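Novice: Predicted model follows, preceded by the sequence.
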Amino acid sequence: MFKESQGVLHNYDTTASVTMSKAAAADINQTDTQCIPCNEGYSCSLGNDPSPCVAGTYSPVAIPYCIICPPGHYCPAQAFEPTPCPVNTYNSNTGGTSSASCTAVAAGSYAHAGSSISEPCPAGHECSTGTPTVCPIGTYSTEGEDS
């Protein structure tokens with residue numbers, strides 16, 4: 001039997017529960033005993049109410065746990081997927097919690113979006129866009145230096 005209170009639907013037949021809108025809860029038949037997938041950004045353990053993923057973790061829909069955010073990304077609270085660090089920033093650690101977890105590259109270096117390391121700009125290239133671009137005719141740069 002399902003009972004709804006404060007946006008959490010409890011199935012007292014199975015001890016499972018899931019957070020959902022009142023409208024969605026009203027759509028479920030009171031005698032229905034179907035299992036409901038855990039929402040994105042939440043972990044759902046058997047017998048426990050859904051828990052939001054804390055910052056530094058994420059959870060796609062229908063898995064029972066939160067996953068540690070990978071290098072090159074950050075995951076705010078209740079994330080359903082990692083957010084890549086912006087171009088010309090990087091994060092070499094796991095568990096990034098916000099864009100502040102991404103470090104700006106040093107002058108003469110570059111990083112693609114989602115990078116876990118920065119790399120020196122190759123000789124003869126300019127790297128301000130996060131991708132090495134060949135220097136225009138009549139200009140040059142040495143490795144690790146923007147033109």
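Specialist: Cool, got the structure.

Novice: count of residues packed around the closest residue to residue 114 other than its chain neighbours?
Specialist: Distances taken as Cβ to Cβ, 6 or more residues apart in numbering place residue 84 nearest to residue 114, at 3.3 Å, with adjacent residues excluded. Placement of C-beta: from N, CA and C, glycine included. For residue 84, the number of neighbouring residues by other Cβ atoms under 10 Å comes to 17.

Novice: Who is residue 84 paired with across the strands?
Specialist: residue 73 (DSSP bridges).

Novice: now the one 5 residues further on
Specialist: On DSSP bridges, the residues paired with residue 89 through beta bridges are residue 104.

Novice: Would you mind listing the residues in contact with it?
Specialist: 99, 102, 103, 104, 105, 111, 115 (Cβ atoms under 8 Å, 6 or more residues apart in numbering).

Novice: Could you list the low-pLDDT ranges of the protein?
Specialist: 1-33, 47, 145-147 (pLDDT under 70).

Novice: quick one: the helices in it?
Specialist: 22-27 (DSSP state H).

Novice: ok, the residue nearest to the spatial centre of it to residue 128 distance?
Specialist: Nearest to the geometric centre of the chain sits residue 82, at 1.8 Å (Cα atoms, centre = their mean). Residue 82 is 25 Å from residue 128, where distance means Cβ to Cβ, to the nearest Å.

Novice: what do you get for residue 76?
Specialist: For residue 76, the distance to residue 128 (Cβ to Cβ) stands at 28 Å.

Novice: which of these two has more neighbours?
Specialist: residue 76 (18 against 12).

Novice: List the contacts of that one.
Specialist: Counted by Cβ under 8 Å, 6+ apart, residue 76 has contacts 55, 83, 97, 98.
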